[in-house]
Each structure stands twice: as C-alpha cells, then as structure tokens.
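J.: Give the three-dimensional model of this entry:
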Amino acid sequence: MSVLAVLDPAVAAAHAVVAAIAHVMPTALAIVLFTVAVRLALHPLARAASRGEKARTRLAPQVAALRKKHEKRPEKLQEALTEMYRKEQVSPFAGCLPVLVQIPFFSVMYRLFTTPNDLLDHTLFGVPLGLHVGGAHGAGQLAVFGLLYAGLAAVGVVNFRRARRATAAAAAQPTPQPGAGLLPYLSFGSVLFATLVPVAAALYLLTTSVWSAAERAWLYRDGAQAPVTALTI
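T.: Okay, here's the model as predicted:
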C-alpha cells in the first residue's frame, strides 16, 4: 500500500470537483481552472510571505550587526533576534509558508494524475491525459509533449534569471546562504519531473509554474528581490 494512500479522501474530493467542471468544458481546461482556483485561494499566504520577506530584507543590516555583536554567544544572539522579530512583527519563516501549504495540494494532484481514473481517459489535442511521453507515437502526440515541456522550460528561464539576481544579492550579505549558487538551476527541475508523469500532471505543473512566476513578478514589482527557493510549485 502506497504511503500516498492517506491522501485518497482528498484525491476523491479533487476528482469530484474536476469532474464536475469537466461536464461543461474540456477536462484539460477543467484541470487548469481547478489549479488556478486553488492557487488563487492560496494567494493571501503568498502576499503575507512577500511582506515578511521585504521586512526581513529591511532588517538585514540589523541582523548582521547582532550577529557580529553576539558571534561568540549564540544563545544571546538567538534572544536578540527573537526580540527584534517580535518588535517588528516579522516571522523569519513566513516565506516558507506558501510552499509548505502547496506541498499537500501538489501531492493530491500527483496522486490524482498518476492513479488510473476516468479523467485520464480524456484528451488534450487528441493525446490521452494519462499518456506518458514514452508511450507517445506520431508527430502529433510528440508535439503536444514538446509544447508542454517548452512551456515549462520558458518558465524555468524566467525563474532562473530571477533566482540568479536574488542569489547575487544574497551573496553580498555578511552571511551568504551555503550552496545558494546551485539553487537557480533547480528552476528547470519541473521540466525533468514532467517527463516522468502523464500529460495531465504535466499540464498541472505548467499551470502552477506559470502562476508562481506571475505571482512573484506581481508581488515583487517594486524592485525588491524575491527569495531564492529550491522548490517552486
């Protein structure tokens, strides 16, 4: 029995919603709209995270000063940082919240689109939603996979450039994050993952990736650097 079986009640609920939407429009479009609806519901968390990240950026010089002042007294440093964040009403973990909340949703969608069900019998431009790229035949089916991968790669380029800028800014800080230079390259991880899943899951990945990139561009449109993260879903 798969450990993901614990998600079956949520998977059944997601299946029911997507199936209901699919009664009035193509199933592929229903998947896109369902994904957008969930991401829209999670948007307030992303807004809160961006406010927290901007606040932490503003406080970075104070954090550096405290680290230098208490470099030999880690307990005192932790107390000082906690007190500073409390006064400023800033959570040092706010930026992680949207990603952590999305992980269960990602798991549910992965389970839904990798477990045989009636939704996967529908098609996208003639390609079954349950088909893997290894089972594709003919130029038409390969072209659909190619378009999905190209879309994910394009989003990856956008995320890569954003992450490189954020990494350069982070490297200028007194305490740069170890291994941060490798994080921008993880922007293309969704392309590799898409080759392992059927069309429906790749379509979900493309939709949520486009949303994430657009959301970050909107929330950090004032020029502030978005945080460098290893996971974008």
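
J.: and V32, how far is that from L205?
T.: Noted for V32: a distance of 11 Å to L205, by Cβ to Cβ, to the nearest Å. Any C-beta I mention is one placed from the backbone N, CA and C, and that applies to glycine too.

J.: Which one's more surrounded, the two?
T.: L205 (25 against 19; other Cβ atoms under 10 Å).

J.: So for that one, what's the pLDDT?
T.: Note for L205: predicted pLDDT of 94.

J.: Same check on L219?
T.: 87.

J.: What's the local residue count around the closest residue to it other than its chain neighbours?
T.: Excluding the flanking residues, the one nearest L219 by Cβ to Cβ, 6 or more residues apart in numbering is S50, at 4.0 Å. By the criterion of other Cβ under 10 Å, S50 has 22 neighbours.

J.: Mind checking what helix or strand follows the helix or strand harbouring S50 in sequence?
T.: With secondary structure defined by DSSP states H and E, S50 is part of helix 27-69. Downstream of helix 27-69, the next assigned helix or strand under DSSP H and E is helix 74-88.

J.: ok, what's across the strand from the spatially closest residue to A28 that is not a sequence neighbour?
T.: Once flanking residues are discounted, A28 sits nearest to L124: 4.2 Å by Cβ to Cβ, 6+ apart. Here L124 sits in beta bridges with V127, as judged by DSSP bridges.

J.: L124 contacts A201, doesn't it?
T.: No. Look at L124 against A201 with Cβ atoms under 8 Å: they stay out of range, at 11.8 Å.

J.: any idea how far A150 is from the residue nearest to L219?
T.: Separation of S50 from A150 (Cβ to Cβ) stands at 29 Å.

J.: Ok, L196 next?
T.: Counting by Cβ to Cβ, the gap from L196 to A150 is 17 Å.

J.: Same question for T35.
T.: From T35 to A150 the distance is 19 Å (Cβ to Cβ).

J.: Can you pick out the residue with more neighbours from these two?
T.: T35 (21 against 12).

J.: Can you name the residues that contact the closest residue in space to the more buried one that isn't next to it in sequence?
T.: Excluding its sequence neighbours, the residue lying closest to T35 (Cβ to Cβ, 6+ apart) is T207, at 4.4 Å. By Cβ atoms under 8 Å, 6 or more residues apart in numbering, the residues touching T207 are I31, V32, T35, V36.

J.: Got phi/psi on T207?
T.: Main-chain dihedrals, T207, degrees, to the nearest 10: phi -60, psi -50.

J.: Go ahead and confirm A46 touches E215.
T.: Yes. Counting by Cβ under 8 Å, A46 does reach E215; the two are 5.6 Å apart.

J.: So between these two, which is more surrounded?
T.: Neighbours were counted for A46 and for E215 using other Cβ under 10 Å; A46 has more, 22 against 19.

J.: ok, now how distant is the residue nearest to A28 from P198?
T.: With Cβ to Cβ as the criterion, L124 and P198 are 10 Å apart.

J.: Walk me through the regions of the chain where pLDDT falls short of the threshold, as ranges.
T.: 1-4, 92-95, 97-98, 166-181, 223-233 (pLDDT under 70).

J.: give me that answer again for 80
T.: By pLDDT under 80, the low-scoring segments of the chain are 1-5, 48-49, 51-57, 60, 88-102, 163, 165-185, 222-233.
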